[in-house]
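*Asks:* pasting the sequence and the predicted coordinates here, then a few questions.
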Amino acid sequence: MYGEKCKGDSQKTTVIFLVWGWGGTQPAQVKSASDLLKFLFSTRKIWRQFLNHTVELNLSHDQPPRRRVGRDEAVIAISALRIGFAISRHLAQDGAHVVVSSRKQQNVDQALAVLQGEGLSMSGTMCHVGKAEDRDQLVATALRHSGNVDFLVCVAGVNPYVGSTLGSSEEVWDKILNVNVKAPALLLSQLLPHMENRGGSSVVLVSSIGAYLPEARLGAYNVSKAAILGLTKTLSLELAPKDIRVNCLVPGVIDTAFSKVTFEDPDFWNHLKGCHGIQRVGQPEDCSGLVSFLCSPDASYITGESIAVAGFSPHL
């Protein structure tokens, strides 16, 4: 339905109704109230069918009520800072008990002070995910709360070297791949016995827009984040029979200390604006809603996907 004022008379409006569906297509011009009544009367059967069909659509499917992440469900969020902090807050606000971690105890303490101060169900522990003994402690902390883990969100990442791929030393390669790629897989293998019998568990890995659009000075880091895309696909296939979904968050340029090397570079930023139309630097909170959705029953038919939160699409 749309209206168009008649030329030369600002007080008159021609309304054209376009009705389609069960009765075909019937255009009609309505220039007065009596024309409108005649039109509605002549098409009453179509409207009745439309309304009946709408009621059937609403009532015929016996769907369970929508629910968010529940109070009896536990989440391990690997990071107490920046994006990890925003995700932890969102999941806890949705009703989950969230276990946060960081390689520095002060980061854990600060996150818990804020989030528990908001009345959210939180616990946490120091964890360097590249160390097996720290991963053991993280799992034990999560299991102490409810004896199970329903969701794993791996946000932790490192980049100790800003420079070219071939300029990266073996030590740099080992550190980046150990934390960014190996640790999520090894941690998930430890959690698998506690997740596979829960039904509807979810894993969210975190890659980077650099996996699609590499920044030359982040060579080895880009490679590690591209590996996360492959890990997501592979794990989604392996874990589908166990009713565990695996998806990937792909943040763009987010306002964190970690990303300053990109958004404080005018050449790189102008390239994003010029080629991709990006309008602003993203905020950590821009990522949290997607993760909460991917952990919810609303995403029960989504797995193996890598979803960019970047202000533009990096895909073809």
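*Replies:* Structure received.

*Asks:* where does pLDDT dip in the stretch 151-300 of the chain?
*Replies:* Along the stretch 151-300 of the chain, the model assigns pLDDT under 70 to no residue.

*Asks:* in stretch 268-282, what counts as buried?
*Replies:* Residues 268, 272, 276, 278, 281-282 are the ones in stretch 268-282 that count as buried (16 or more other CB atoms under 10 Å). C-beta coordinates here come from the backbone N, C-alpha and C atoms, glycine included.

*Asks:* can I get that stretch as CSV, trimmed to CA atoms?
*Replies:* Below are the C-alpha coordinates for stretch 268-282, written out as CSV (Å, rounded to 0.1, in the frame of the first residue of the first chain):
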residue,chain,number,x,y,z
PHE,A,268,45.1,1.1,6.9
TRP,A,269,42.0,2.9,8.3
ASN,A,270,41.6,5.0,5.2
HIS,A,271,41.8,1.8,3.1
LEU,A,272,39.0,0.2,5.1
LYS,A,273,36.9,3.3,4.8
GLY,A,274,37.5,3.7,1.1
CYS,A,275,37.3,0.1,0.0
HIS,A,276,34.8,-1.3,2.4
GLY,A,277,32.7,1.7,3.6
ILE,A,278,33.5,1.0,7.3
GLN,A,279,32.1,3.9,9.3
ARG,A,280,33.6,3.5,12.8
VAL,A,281,35.8,1.5,15.1
GLY,A,282,33.9,-1.4,16.7
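
*Asks:* and it, how far out from the chain's middle?
*Replies:* Remark: stretch 268-282 is offset 21 Å from the chain centroid, using CA atoms, centre = their mean, to the nearest Å.

*Asks:* contact partners of stretch 184-201?
*Replies:* Contacts of stretch 184-201 with the rest of the structure, by CB atoms under 8 Å, 6 or more residues apart in numbering, involve 76, 78, 129, 132, 135-136, 138-139, 143, 147-152, 154, 203, 205, 228, 231, 235, 239, 242-245, 297, 300.

*Asks:* repeat that for stretch 115-122.
*Replies:* Outside stretch 115-122, the residues that touch it by CB under 8 Å, 6+ apart are 71, 88-89, 92-93, 96-100, 111-112.

*Asks:* pull out the buried members of the residues you listed.
*Replies:* Counted by 16+ other CB under 10 Å, those give 88-89, 92-93, 96-100, 111-112 as buried.

*Asks:* and stretch 136-150, which residues are buried?
*Replies:* For stretch 136-150, the neighbour count (16+ other CB under 10 Å) marks 138-139, 141-143, 148-150 as buried.

*Asks:* averaged pLDDT, it. What do you get?
*Replies:* The average pLDDT within stretch 136-150 is 90.

*Asks:* what are the boundaries of the helices in the stretch 51-200 of the chain?
*Replies:* Along the stretch 51-200 of the chain, counting by DSSP state H, counting those that start in this stretch, helices occupy 82-93, 105-117, 132-146, 170-177, 183-195.

*Asks:* make a markdown table out of those helices and add distance to Ala220.
*Replies:* Shown next, in a markdown table, are those (distance: least, CB to CB, whole Å):
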| stretch | distance to Ala220 |
| --- | --- |
| helix 82-93 | 20 |
| helix 105-117 | 24 |
| helix 132-146 | 23 |
| helix 170-177 | 5 |
| helix 183-195 | 16 |
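
*Asks:* among the ones you listed, which is nearest Ser288?
*Replies:* helix 82-93 (3.8 Å; CB to CB).

*Asks:* then that closest one to CSV, C-alphas only?
*Replies:* C-alpha atoms of helix 82-93 as CSV (Å, rounded to 0.1, in the frame of the first residue of the first chain):
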residue,chain,number,x,y,z
ARG,A,82,38.1,-6.3,26.4
ILE,A,83,36.0,-8.5,24.1
GLY,A,84,36.1,-11.4,26.6
PHE,A,85,34.8,-9.1,29.4
ALA,A,86,31.9,-7.9,27.2
ILE,A,87,31.0,-11.4,26.3
SER,A,88,31.2,-12.6,29.9
ARG,A,89,28.9,-9.8,31.1
HIS,A,90,26.3,-10.5,28.3
LEU,A,91,26.2,-14.3,29.0
ALA,A,92,25.9,-13.7,32.7
GLN,A,93,23.1,-11.2,32.2
